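A.B. asks: Sequence and predicted structure, then a few things I'm wondering about:
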Amino acid sequence: MTTTGAQIPAPTTWSRSSVLAITPVWRVGALAAVVAAAATTLFALGAKALDVPLEVDGEAIPMIAFAYITLWWSAVGTVVAALLARRAKRPARTFGVTTLVLTALSFVPPLTTDHIDTATRVTLSLSHVVAAVIVISALAARLSQVPQARQ
């Protein structure tokens, strides 16, 4: 009498691209948003520690505002990414171009607001870059795993 044992499958190796390919766009966006919110808040705290006033019209910008605004606009970016994943021929490229233009436009308010000093303008603009690098790169990497749409 012979017995057959259960076959044990070989261990699966996971690459970054294989994990990204099965992770929903919204989940990648949510994780990137949380990381970016923490990063922008830490960036602002670091600027505050270096005596950057972070004030507009004499009113201090609350530290929580950095996280809140980052989470809000990251959610918008995630929705854009999800729509492009379904509709665009080349979603990663379209997302990259779109978000780079929107990031450039995000510099307008800090640069044009009255009653704000130069150090605060630079800090606010750089905080946009910090958030954009984190969120855009994560979502673009995820979108690069979306199969190209059929023509």
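C.D. replies: Structure received.
A.B. asks: For the rest of this, base every contact and every neighbour count on C-alpha atoms.
C.D. replies: Noted.
A.B. asks: List the single closest residue to the spatially most central residue of the chain in space, sequence neighbours excluded.
C.D. replies: Residue closest to the mean C-alpha point of the chain, counted by CA atoms, centre = their mean, is Val135 at 1.2 Å. Excluding its sequence neighbours, the residue lying closest to Val135 (CA to CA, 6 or more residues apart in numbering) is Ala32, at 5.1 Å.
A.B. asks: go on, Ala82?
C.D. replies: Nearest non-adjacent residue to Ala82 (CA to CA, 6+ apart): Val25, at 6.0 Å.
A.B. asks: wait, doesn't that neighbour sit right on Ala81?
C.D. replies: Yes. Using CA atoms under 8 Å, Val25 is in contact with Ala81, at 7.2 Å.
A.B. asks: residues touching the closest residue to Ile116 other than its chain neighbours, list them.
C.D. replies: Spatial nearest neighbour of Ile116, chain neighbours left out: Val56 (5.3 Å); criterion: CA to CA, 6+ apart. By CA atoms under 8 Å, 6 or more residues apart in numbering, Val56 lies in contact with 114-116.
A.B. asks: do that again at 10 Å, thanks
C.D. replies: Residues in contact with Val56 (CA atoms under 10 Å, 6 or more residues apart in numbering) are 110, 113-117, 120-121.
A.B. asks: List only those of those flagged as buried.
C.D. replies: 110, 116-117, 120-121 (16 or more other CA atoms under 10 Å).
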